[in-house]
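Visitor: Fold the stuff below for me.
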Amino acid sequence: MVYLEGLESIIECIYLNEELDNKISTCEVFVNPSDVKYVVGKTVIINVLGYPKNMVDALLKNNCRIISRVYDIENEKIEVRPYILRLNTNIQWNGRLVEDYGDNLTDLLERNECDFSIDDYMLYFPKIKSLDKGNSKTMDLYGNLTVVGWALQQVGVNLSSNSTFTDLDIVKTKKLFF
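Guide: Residues are numbered from 1 along each chain as shown. This is a model prediction of the structure:
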């Protein structure tokens with residue numbers, strides 16, 4: 001189970017094909033936790049750039065296993081496992097274009113610019129105009145996608161040029177035949 005704490009955890013749960021819950025006691029996976037003092041002996045996934053080093057240190061002290069999707073924090077105890085690009089039909093483009101999401105990705109949900117259905121774990125995500133290839137919100141220095149980068153690739157924003165998984169919005173609508 002993935003602990004529900006914002007849009008980053010929803011996207012990660014879809015990527016992992018796991019379920020979400022809002023109870024700390026039933027969850028084994030936490031994504032970018034904002035309060036680390038209660039996260040003990042769990043798996044923590046960091047899928048954004050700039051996650052505070054002091055929080056990573058506290059999580060390691062709490063015997064957590066830390067997996068990072070991006071190369072950001074130098075620590076031999078952190079496992080770096082970038083997103084693998086593959087088609088995921090649980091993220092679809094919602095037909096919207098938004099300028100930016102600001103500092104908090106979850107604001108997209110609060111402003112109704114994306115929609116998530118807990119019944120079938122479907123996320124309808126917008127294309128974000130200000131985010132493109134090489135943007136620090138979408139990928140690290142090595143080209144590994146952040147959580148927003150992976151979601152954008154799923155809705156047809158071609159960020160990763162070394163992948164055959166491009167134009168996924170068209171592929172998912174079945175308007176492109178091979």
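Visitor: What residue, apart from its backbone neighbours, is nearest the most centrally placed residue in the chain spatially?
Guide: Nearest residue to the geometric centre of the chain (CA atoms, centre = their mean): Val147, 2.7 Å. In this structure, Val147 finds its nearest non-sequential neighbour in Asn47, 3.9 Å apart by CB to CB, 6 or more residues apart in numbering. Backbone N, C-alpha and C define where each C-beta goes, glycine included.
Visitor: now Cys27, nearest residue through space, not along the chain?
Guide: Tyr3 (3.9 Å).
Visitor: what's across from that neighbour in the sheet?
Guide: Asp21 (DSSP bridges).
Visitor: pretty sure it contacts Ile24?
Guide: Yes - if you go by CB atoms under 8 Å, Tyr3 and Ile24 touch, sitting 6.5 Å apart.
Visitor: So those two - more neighbours on which side?
Guide: Tyr3 (22 against 15; other CB atoms under 10 Å).
Visitor: Output the below-cut-off pLDDT ranges for this protein.
Guide: The model of the chain has pLDDT under 70 over residues 132-134, 160-178.
Visitor: Got the domain ranges for it?
Guide: 2-80, 91-172 (automatic domain parsing).
Visitor: and the shortest one, how far apart are its ends?
Guide: Read that as domain 2-80. Using CA to CA, to the nearest Å, the end-to-end distance of domain 2-80 comes to 19 Å.
Visitor: before we move on, what about stretch 149-159?
Guide: 7 Å.
Visitor: Buried residues, that stretch. List them.
Guide: For stretch 149-159, the neighbour count (16 or more other CB atoms under 10 Å) marks Gly149, Trp150, Ala151, Leu152, Gln153, Gln154, Val155, Gly156, Val157, Leu159 as buried.
Visitor: anything in contact with each of Tyr3 and Ile24?
Guide: Residues touching both Tyr3 and Ile24 (CB atoms under 8 Å, 6 or more residues apart in numbering): there are none.
Visitor: Just list the residues touching Cys13, thanks.
Guide: Val2, Leu4, Glu19, Leu20, Tyr121 are the contacts of Cys13 under CB under 8 Å, 6+ apart.
Visitor: Skipping adjacent residues, who's closest to the fourth one in space?
Guide: Nearest residue to Leu20, sequence neighbours excluded (CB to CB, 6+ apart): Leu4, at 4.5 Å.
Visitor: List the contacts of the one you found.
Guide: Neighbours of Leu4 in contact, by CB under 8 Å, 6+ apart: Ile10, Cys13, Leu20, Asp21, Asn22.
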